[in-house]
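K.L.:
Structure of the sequence below:
(one chain, ligands or ions: 1)
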Amino acid sequence: MTAAICPGTFDPITNGHLDVIKRASKYFDRFIVAVAARPDKMPLFNLRERVHMVSTTTKNLPNVDVEPFDTLLVDFAKSVGATSIVKGLRAISDFEYEFQMAQINQAMGEEIETFFMMASAEYTFISSSAVREVASYGGSIKGLVPGDIENELVEMFNSKFNSLEKGAV
Ligand code: COA
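P.N.:
Numbering: from 1, shown residues only. Have a look, this model is predicted:
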């Protein structure tokens, strides 16, 4: 059985992530979307919220599971029996960082291969931070995030940004 993990912070999941998940998951028997805790990045959404959003968005993909993790990526891959890591590449600017991560992961777990999938052209400009920024100014995130979670996400954004504003006063 082939198993792959697709790791990320998913703060929040975007249509760019979903595009890669849908396309890449066809090539593996089991495809695990691994949601990283990443406290160092101070995510806007907590781990439970991010796992919930990814799970809702991928619920119709039968071979896709969603798991949180808070360890080295290669250790997580080994713990779930995955020998492949799948990452999306949007532009040349992603390459250097991703290449370095792939090499570090290879040095720590040589039996685990990293595969890169080019983002579809219509999604290359999307990032989670762009979605957060648009939402923080009350802009529309339609088309940037999966339709399944758009309304819920707008509500979550409103409640997060309201509480941040109250905290700032
Ligand atoms: N479409 C759209 N956006 C995408 C994308 C895609 N296909 N792929 C990545 N992105 C964007 C994200 O939206 C995010 O945008 P933002 O920073 O503007 O918010 C950005 O790319 C970075 O993505 P992120 O999910 O934070 O991933 P990362 O490449 O920084 O790596 C882990 C995250 C979890 C894979 C990595 O931190 C990790 O492996 N952590 C575990 C510790 C470890 O083993 N480290 C390696 C050894 S040092």
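K.L.:
make it CA atoms for all contacts and neighbour counts henceforth
P.N.:
Will do.
K.L.:
What count of nearby residues applies to Ser140?
P.N.:
Applying other Cα atoms under 10 Å, we find 12 residues neighbouring Ser140.
K.L.:
Quick check: phi and psi at it.
P.N.:
phi -80, psi 130 (degrees, to the nearest 10).
K.L.:
Do a quick rundown of the strands in this protein.
P.N.:
3-8, 30-36, 64-69, 84-89, 113-118 (DSSP state E).
K.L.:
quick one: which of those is nearest Phe76?
P.N.:
Of all the strands of the chain, it is strand 64-69 that lies closest to Phe76, at 6.9 Å by Cα to Cα.
K.L.:
Next, the angle strand 3-8 makes with that closest one.
P.N.:
60 degrees (axes from the mean of the first three to the mean of the last three Cα atoms, to 10 degrees).
K.L.:
In JSON lines: the strands of the chain, plus mean neighbour count, mean pLDDT and distance to the ligand.
P.N.:
Formatted as JSON lines, the strands of the chain follow (neighbours: other Cα atoms under 10 Å; pLDDT from 0 to 100; distance: least, Cα to the nearest ligand atom, whole Å):
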{"stretch": "strand 3-8", "mean neighbour count": "24", "mean pLDDT": "98", "distance to the ligand": "3"}
{"stretch": "strand 30-36", "mean neighbour count": "23", "mean pLDDT": "98", "distance to the ligand": "5"}
{"stretch": "strand 64-69", "mean neighbour count": "19", "mean pLDDT": "98", "distance to the ligand": "8"}
{"stretch": "strand 84-89", "mean neighbour count": "22", "mean pLDDT": "97", "distance to the ligand": "4"}
{"stretch": "strand 113-118", "mean neighbour count": "16", "mean pLDDT": "97", "distance to the ligand": "8"}
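K.L.:
between these, which one is nearest to Thr58?
P.N.:
That would be strand 64-69 among these, by Cα to Cα, at 6.9 Å.
K.L.:
Just checking the distance from the closest one to the centre of its chain.
P.N.:
10 Å (Cα atoms, centre = their mean, to the nearest Å).
K.L.:
and it, C-alpha only, in CSV?
P.N.:
The C-alpha coordinates for strand 64-69 follow below in CSV (Å, rounded to 0.1, in the frame of the first residue of the first chain):
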residue,chain,number,x,y,z
VAL,A,64,-7.7,11.2,2.4
ASP,A,65,-7.3,11.4,6.2
VAL,A,66,-6.5,14.5,8.2
GLU,A,67,-4.1,14.3,11.2
PRO,A,68,-2.5,16.9,13.5
PHE,A,69,1.2,16.6,14.3
